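>>> All I have is the shape, not the residue letters:
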């Protein structure tokens with residue numbers, strides 16, 4: 001970061017206060033049913049320097065988070081739909097890895113639901129016709145559609161108010177942060 005300001009110092013102090021106030025919290029897992037599900041989200045052009053978007057996803061099993069990620073996307077998205085579609089791509093890659101891991105324990109996670117809050121991205125996953133607006137999207141991300149067609153993952157719309165991955169992509173109000181934390185069973 002270049003030229004940190006008093007605002008940055010205030011934000012850093014806020015993070016430290018949050019961590020100090022939540023040091024007793026931890027992940028908790030219930031006693032079944034062990035349903036694996038994912039939540040993915042993206043902001044749009046949130047990085048002020050590069051205008052790249054941030055992908056966030058979280059996977060929960062037994063009510064508790066087992067893996068999560070918040071990461072700047074590798075390329076600039078040209079629309080909110082594209083940013084969300086790229087987030088779905090990252091979540092799908094993680095979902096496939098988790099499915100292989102759970103196969104060792106003889107889980108039957110197929111098709112794994114991955115919840116997203118962008119209906120345009122959901123339509124892009126389901127629509128095999130390349131439309132003028134989306135034909136530029138990298139082949140890397142179109143494998144999402146292929147995996148959904150194979151029944152390995154199932155993309156399900158969820159209202160933004162119920163999106164657990166929101167806190168991984170952007171600053172959220174305290175009430176939303178508490179909702180996300182409780183949804184991941186951090187108690």
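Structure received. In this text the structure is predicted, and so the values were computed from the model without any measurement.

>>> For residue 44, report the pLDDT, please.
Residue 44 is assigned 97 on the pLDDT scale.

>>> so it makes contact with residue 77?
Yes: at 6.6 Å, residue 44 counts as touching residue 77 under the criterion of Cβ atoms under 8 Å. For the C-beta atoms, the positions are set from N, CA and C on the backbone; glycine is no exception.

>>> Compare neighbour counts for these two and give me the winner.
residue 77 (22 against 19; other Cβ atoms under 10 Å).

>>> okay, which residue is most central for the chain?
Compute the mean C-alpha point of the chain, and by Cα atoms, centre = their mean the closest residue is residue 57, 2.0 Å away.

>>> Secondary structure class of it, three-state.
Following DSSP: H, G, I helix; E, B strand; the rest coil, the label given to residue 57 is strand.

>>> In contact with it, which residues?
Contacts for residue 57 (Cβ atoms under 8 Å, 6 or more residues apart in numbering) come out as 38-41, 68-69, 87, 90-91, 94, 114, 165, 168.

>>> ok, now residue 69?
55-57, 90, 94, 168.

>>> now, among these, which is nearest to residue 6?
Nearest to residue 6, judged by Cβ to Cβ, of the contacts of residue 69 is residue 168 at 26.6 Å.

>>> Please report the number of neighbouring residues for that closest one.
Residue 168 has 24 nearby residues by other Cβ under 10 Å.

>>> what's the closest non-adjacent residue to it?
residue 56 (2.7 Å; Cβ to Cβ, 6 or more residues apart in numbering).

>>> Confirm for me that that neighbour is in contact with residue 163.
No: using Cβ under 8 Å, residue 56 is not in contact with residue 163, being 9.2 Å away.

>>> Determine which two of the contacts of residue 69 are furthest apart.
Using Cβ to Cβ for every pair in these, the one that comes out farthest apart is 94 and 168, at 12.7 Å.

>>> what's the helix or strand for residue 25?
Residue 25 belongs to no helix or strand when elements are defined using DSSP states H and E.

>>> Name the nearest residue to it, sequence neighbours excluded.
Residue 25 sits nearest to residue 186 (Cβ to Cβ, 6+ apart), 5.3 Å away.
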